[in-house]
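In: Sharing a sequence plus its predicted fold:
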Amino acid sequence: MAETRKFPHHLIREIFEQPDALRRTIAPRVSQAEGRVRLDQIHISREELRALRRINIVASGTSRHAGMTGQYMLQELAGVPVDVDYASEFKYRNPMIGRGELSIFITQSGETADTTASQREARQKGSRTIAISNVEGSTIAREADGFIYTDAGPEISIASTKAFTAQMACLFLFALYLGEIKEKVPKALAQHYIRELLALPEKTETILAASDKVEKLAELYYRVDDFMFLGRAIHYPIAMDGALKLKEVSYIHAEGYPTGEAKHGPNAMIDFRLPLVLIATCDRNNNDAGSVARYQQSVSNMEGFKKQGATLIALATEGDTVVPQLANHTIFIPAVPELLSPILEIVPLQLFAYYVAAKRGLDVDHPRNLVKAVTLE
Ligand code: BG6
């Protein structure tokens, strides 16, 4: 059984295990010299993968948030349209899927009934399926055409952390793998991304080394009963998971929302009583005009929220001097390509949820009413 030696709870230990989980999940599958990703358990031919028309990603809870980031990774790197679905909805919406399509099922336990049932539905409709799971030999993997294991080690705490970041790494690996097959990713770009993937564990350690800053932030806010988490584009799924983590372990009402959507309604709630956690990172190192544009839009949103008297807790990229002038508190993330930024951005939000719940004196590893794997539909 996993021990909580050195850490008071499984949750905080598993948050700190993320650098090793990422190393084990990434390193054995990449060759930087060749600029290639090797995935040995994808039993679908290159020809079939090359001809893929569409990809469906289906999952529950935190795993679906990983799938939401995978949508951006796969569309950008493999040029394939991607839909993301709640597993609990997928079966009931009579999904229009079939041959020539791939359905990816993400589930840490590999046993979530909504997700295994959805995979059976997809297979019946003729779709090929791939499972991303943390449990070897789990139902989802056994019944898939191919699988990619997150090598995160046993995840005991009900709230998913190290499996989540490993799931996003697997989705990125698959996006590079498919992008190479579809001849969308030139070798030099693949080598660049593989270098960045291999640097993620150390960047995660940098964030974890500043965990005391997040703990001090939790000390200021753990009595607050409402939060809104905001993120744009690939950062929106991280806002969603930051909110879900806080809900799961501290029972606080927290909502994840697309930053640009706040003006269509939620803005009416925003004043000093509703702290906003806003992701405003920016990839300045890769001439990514889209990332800069999204960042500038988020800064403009922050200026508006400040005028409303909002309290802003911001995530920014190391070296940023604009966001800290607008935010009440700023947590910095090491510079990273935007497509990989979710893997780093979630870490301080996991820490925040943990410290808030611990300061509320709650059983952070076994939140009330929740189970680790919902094996009944
Ligand atoms: C919920 C867990 O029950 O199931 C979440 O509380 C998890 O943490 C969700 O994300 C999905 O679980 P799995 O095993 O399918 O990834």
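Out: That came through fine. Numbering: from 1, shown residues only.
In: Assumed F229 was part of a strand.
Out: Yes: counting by DSSP: H, G, I helix; E, B strand; the rest coil, F229 is located in a strand.
In: wait, isn't it in contact with H253?
Out: No: in this structure, F229 is not within contact of H253 by Cβ atoms under 8 Å, at 11.6 Å. All C-beta spots, glycine's among them, are computed from the backbone N, C-alpha and C.
In: So for those two, which residue has more residues nearby?
Out: F229 (29 against 12; other Cβ atoms under 10 Å).
In: buried residues in stretch 292-312?
Out: R294, Y295, S298, V299, N301, M302, F305, K306, A310, T311, L312 (16 or more other Cβ atoms under 10 Å).
In: On the pLDDT front, check whatever residue of the chain ends up closest to the ligand for me.
Out: Per Cβ to the nearest ligand atom, the residue of the chain with the smallest distance to the ligand is G61, at 2.9 Å. G61 is assigned a predicted lDDT (pLDDT) of 98.
In: same check, this time on T4
Out: For T4, pLDDT reads 53.
In: Next up, the contacts around the nearest residue to K184 once chain neighbours are set aside.
Out: The shortest distance from K184 to any residue other than its chain neighbours is 4.9 Å, reached at G79 (Cβ to Cβ, 6 or more residues apart in numbering). For G79, the contacting residues are G179, K182, K184, by Cβ atoms under 8 Å, 6 or more residues apart in numbering.
In: Equivalent analysis for F352, please.
Out: With Cβ under 8 Å, 6+ apart, F352 has these contacts: V214, L217, A218, G242, K245, L246, V277.
In: Number of residues surrounding the fifth one?
Out: By other Cβ under 10 Å, 29 other residues sit near K245.
In: Hmm, it is touching F164, no?
Out: No: K245 is not in contact with F164 according to Cβ under 8 Å; the separation is 9.2 Å.
In: wait, doesn't D320 sit right on C282?
Out: Yes: at 6.8 Å, D320 counts as touching C282 under the criterion of Cβ under 8 Å.
In: Looking only at neighbour counts, state which of these two leads.
Out: Legend: neighbour count by other Cβ under 10 Å for D320 and C282, higher for C282 (24 against 21).
In: Report the contact partners of the more buried one.
Out: S291, V292, R294, Y295, A316, T317, D320.
In: Same check on G146?
Out: G146 touches L39, Q41, I42, H43, I44, R128, T129, I130, A131, counting by Cβ under 8 Å, 6+ apart.
In: Recalculate using a threshold of 6 Å.
Out: G146 sits next to Q41, I42, H43, I44, I130 when contact means Cβ atoms under 6 Å, 6 or more residues apart in numbering.
In: Find the nearest non-adjacent residue to it, please.
Out: Spatially, and ignoring its direct neighbours in sequence, G146 is nearest to I42 (3.8 Å; Cβ to Cβ, 6+ apart).
In: returning to that earlier point: please identify which pair of the contacts of F352 lies farthest apart.
Out: L217 and K245 (14.3 Å; Cβ to Cβ).
In: Where does the most centrally placed residue in the chain sit: helix, strand or coil?
Out: Closest to where the C-alpha atoms of the chain average out (Cα atoms, centre = their mean) is A66, at 4.0 Å. Here A66 is recorded as helix under three-state DSSP.
In: distance of it from M168?
Out: 5 Å (Cβ to Cβ, to the nearest Å).
In: want to throw the buried residues of stretch 292-312 into TSV with pLDDT, secondary structure and distance to P201?
Out: Shown next, in TSV, are these (pLDDT from 0 to 100; DSSP: H, G, I helix; E, B strand; the rest coil; distance: Cβ to Cβ, whole Å):
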residue	pLDDT	secondary structure	distance to P201
R294	96	helix	26
Y295	97	helix	25
S298	97	helix	27
V299	98	helix	30
N301	97	helix	32
M302	97	helix	30
F305	96	helix	34
K306	96	helix	35
A310	96	coil	35
T311	97	coil	33
L312	98	strand	30
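In: Among those, which ones lie close to the ligand?
Out: The subset of these within reach of the ligand, by Cβ under 6 Å from any ligand atom, is empty.
In: Which single one of those is nearest to E338?
Out: Of these, the one sitting nearest to E338 (Cβ to Cβ) turns out to be R294, at 8.0 Å.
In: Not including adjacent chain positions, what is the nearest residue to the closest one?
Out: The spatial neighbour of R294 that comes closest, neighbours along the chain excluded (Cβ to Cβ, 6+ apart), is R232 at 5.1 Å.
In: what about that neighbour, neighbour count?
Out: The number of residues near R232, taken as other Cβ under 10 Å, comes to 20.
In: That one and A113, how far apart?
Out: For R232, the distance to A113 - Cβ to Cβ - is 33 Å.
In: I'd like the average pLDDT over stretch 280-288.
Out: For stretch 280-288, the per-residue pLDDT averages 93.
In: which parts of it are buried?
Out: In stretch 280-288, the ones that count as buried by 16+ other Cβ under 10 Å are A280, T281, C282, D283, D288.
In: pLDDT below threshold where in this structure?
Out: Residues of the chain meeting the criterion pLDDT under 70: 1-5.
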